[in-house]
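Q: pasted the sequence and its predicted model underneath.
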Amino acid sequence: MAGDWVVCHDKEATHRCIQCHKPVCDDCSFKDDQGVFCGRDCAGAHRSYGEADARHKKSGGKRVVLLILVIAAVLVCLVVLGKQGKGPFKSLQKEAAVEEPAPMNEPAPADEPME
């Protein structure tokens, strides 16, 4: 931390606050189990952020599972409706209906003679 000086007095900084990154000397620093801070306010803010981040990470997995279940349910509904000829695939099934070609070993029907 050479060259960094604490704002409150003319003492060289030995640490940086984990929350706001201000240089802080050993006399002015506030230390707890999370690390070194410039004061109690930054220590409290850092702790609050850590707790909120942990809650967010816990709930993230549940959201992904819920999203996958919703997508799967929608796909199942689309498949069922498609097999019943309903839903968004109804018009596509009519367009895709094609007459089956005659088997290759049977002769094609002859055209009727013109009169």
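A: Noted; the coordinates are in hand. This structure is a prediction, so every number in the text was calculated from the model and none was measured. Numbering: from 1, shown residues only.

Q: which residues of the chain score low on pLDDT?
A: 1-9, 58-60, 85, 87-115 (pLDDT under 70).

Q: top helix in it by residue count?
A: helix 40-83 (DSSP state H).

Q: who's in contact with the residue nearest to Arg47 when sequence neighbours are not counted?
A: Take Arg47 and drop its neighbours on the chain: the residue closest to it by C-beta to C-beta, 6 or more residues apart in numbering is Gln34, 6.3 Å away. Quick note: C-beta positions are derived from backbone N, CA and C, even for glycine. Contacts for Gln34 (C-beta atoms under 8 Å, 6 or more residues apart in numbering) come out as Ile18, Ala43, His46, Arg47, Gly50.

Q: one more time with 10 Å
A: Gln34 makes contact with Ile18, Gln19, Cys42, Ala43, His46, Arg47, Gly50, according to C-beta atoms under 10 Å, 6 or more residues apart in numbering.

Q: determine which two of those are furthest apart.
A: Maximum pairwise distance among the contacts of Gln34 (C-beta to C-beta): 12.5 Å, between Cys42 and Gly50.
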